[in-house]
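Colleague: Prediction below, plus the sequence it came from.
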Amino acid sequence: MRDIVYKVLYHLKVVDLFLWLERILSWRNILIVQTYHRIVDDNSEVAPISILERGISKQCFINQIDFFQEHFDLLNLDDFLDVISSKRKLKSDALLLTFDDGYYDNLLCAYPYMQEKGVEGVVFVPTAYIHSQQPFWWLKLTNSIKFGDASRWPSALNQLGPLLPLDHLDALKKEALGSFESRREVRRILGVFLMNSTDDIRDETNRILDMLVDGNYVLPIRLMTFCELRTATKYGITVATHSHSHRDLDTLSYREQVADLKASLQVLKQELGDCPNVVCYPSGRFNVNTFNAALECGIEYGFTTKAGAVRYREPSFDPLQIPRVGIEAANEMELKRWLFGLIIRKYLMSIWRS
Ligand SMILES: [Zn+2]
């Protein structure tokens, strides 16, 4: 029903009129931080086996940038930090573009278009992975399940047995890795399990699954090198820390968190000459120790995966817990729907608070 109402309003141009009026008359501007991971070339041969393996298509990204440019001031990191620390006032709705992990496809499919449009952004990189060019645990998992030798699956499953809960093991025993669907189901079950596991279990699982591919990583997904990150800065991209080891910070002690963040800042300074005093928490995980550890390292701003607009004028706003959004809308109608909803929520919240 909501879909139909929106489509009628959209086609009658009521949505356009509303967005136009809001832009002219708005008395309180919205500040948004958008998160991207991978930007996938539409002609890419990378068939998705898991939602974690891919992000959005290049065309979807281009549509979003065009839309954002029309409806928002696109800030760079310095301007964004000036706004949230009240050194600068917003003249209209504004948005900051952020990229997590530093995937190489960002350099191919996103940054050149941003430069063409005069748009800047930030990429958060886990420095140990950039150094080693080791794939993340979820990419290793995809690699071995997608390309693994099905005849070795029973043996791998045997070894995985002691690590897995019984219901997961029973579900996996029904799969033979014979078809794409079977591989996708195995990837899904193990992905969900490992997402909620410790780094040790993730490493051990991948060590066992490596036998399916003789330890070869052939998935065509990798992170940028430091040389490529230096090229990214020429496109107007600021490089900032996403920790050193991309471990869930809330599983580390206070001292381990300090050591991890310090190592990352040191590498960035060494490789790129400078780094901003911001962090993006890996997997959005943090605890109270994380804030103190960040401050001890000179980091004053932290980006989370909590969804929402940045309500920096409110007394409860914490610069170490900046929310972000992950807009997936791919075309103008969907993007206007997202913005329409955002503005309605803004006014409802204003009424609620007054
Ligand atoms: Zn990440």
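Modeller: Thanks, I have the structure now.
Colleague: which residues are contacting the helix or strand that contains Tyr6?
Modeller: For Tyr6, the host element (DSSP states H and E) is helix 2-11. Residues outside helix 2-11 that contact it (C-beta atoms under 8 Å, 6 or more residues apart in numbering): 15, 333, 336-337, 340. Every C-beta, even on glycine, is put in place using the N, C-alpha and C of the backbone.
Colleague: cutoff 10 Å now
Modeller: Contacts of helix 2-11 from elsewhere in the structure, counted by C-beta atoms under 10 Å, 6 or more residues apart in numbering, are 14-18, 332-334, 336-337, 340-341.
Colleague: Please identify which pair of those lies farthest apart.
Modeller: Pairwise distances across these peak at 18.5 Å for Leu17 and Glu334 (criterion: C-beta to C-beta).
Colleague: ok, Met1 - how many residues close by?
Modeller: Residues near Met1, counting by other C-beta atoms under 10 Å, number 5.
Colleague: my bad, should have said Asp214
Modeller: 10.
Colleague: And what about it, helix, strand or coil?
Modeller: Following DSSP: H, G, I helix; E, B strand; the rest coil, the label given to Asp214 is coil.
Colleague: residues making contact with whichever strand or helix holds Leu74?
Modeller: Using DSSP H and E, Leu74 maps to strand 73-75. For strand 73-75, the external contacting residues (C-beta under 10 Å, 6+ apart) are 29, 31-34, 65, 68, 79-83, 88, 90-97, 114, 117-121.
Colleague: Just checking: what are the partner strands of that strand?
Modeller: strand 94-100 (parallel) (DSSP bridges).
Colleague: Output the partner strand in CSV with nothing but the alpha carbons.
Modeller: Only the C-alpha atoms of strand 94-100 are listed here, as CSV (Å, rounded to 0.1, in the frame of the first residue of the first chain):
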residue,chain,number,x,y,z
ALA,A,94,24.9,18.1,3.5
LEU,A,95,26.5,14.7,3.0
LEU,A,96,29.9,13.0,3.4
LEU,A,97,30.9,10.0,1.3
THR,A,98,32.9,7.3,3.1
PHE,A,99,34.4,4.0,1.8
ASP,A,100,35.3,1.1,4.1
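Colleague: So in this protein, where's the weakest helix or strand by average pLDDT?
Modeller: Using mean pLDDT, DSSP states H and E, helix 14-25 stands out as the lowest-scoring helix or strand of the chain, at a mean of 75.
Colleague: just to revisit the earlier point, who has more neighbours, Leu17 and Glu334?
Modeller: Neighbour count, other C-beta under 10 Å: between Leu17 and Glu334, Glu334 has more, with 18 against 11.
Colleague: show me the contacts for the more buried one.
Modeller: Neighbouring residues of Glu334 by C-beta under 10 Å, 6+ apart: 6, 10, 60, 63-64, 67, 327-328.
Colleague: Between helix 14-25 and the helix holding Tyr6, find me the angle.
Modeller: Note on geometry: by axes from the mean of the first three to the mean of the last three C-alpha atoms, to 10 degrees, helix 2-11 and helix 14-25 are set 70 degrees apart in direction.
Colleague: What are the buried residues along the longest helix seen in the chain?
Modeller: When the chain is parsed with DSSP state H, its longest helix is helix 332-353. Within helix 332-353, the residues scored as buried using 16 or more other C-beta atoms under 10 Å are 334-337, 339-340, 342-343, 346.
Colleague: Determine how far stretch 99-113 lies from the middle of the whole chain.
Modeller: Averaging C-alpha positions (C-alpha atoms, centre = their mean, to the nearest Å) puts stretch 99-113 12 Å from its chain's average.
Colleague: residue of the stretch 201-350 of the chain with the smallest distance to the ion?
Modeller: Closest contact between the stretch 201-350 of the chain and the ion, by C-beta to the ion, is at Pro282 (5.0 Å).
Colleague: Could you find the closest non-adjacent residue to that residue?
Modeller: Computed as C-beta to C-beta, 6 or more residues apart in numbering, the closest residue to Pro282 that is not its neighbour in sequence is His246, at 4.5 Å.
Colleague: can you pull the pLDDT of that neighbour?
Modeller: Note on His246: pLDDT of 93.
Colleague: Check the secondary structure at it for me.
Modeller: Taking three-state DSSP, the label given to His246 is coil.
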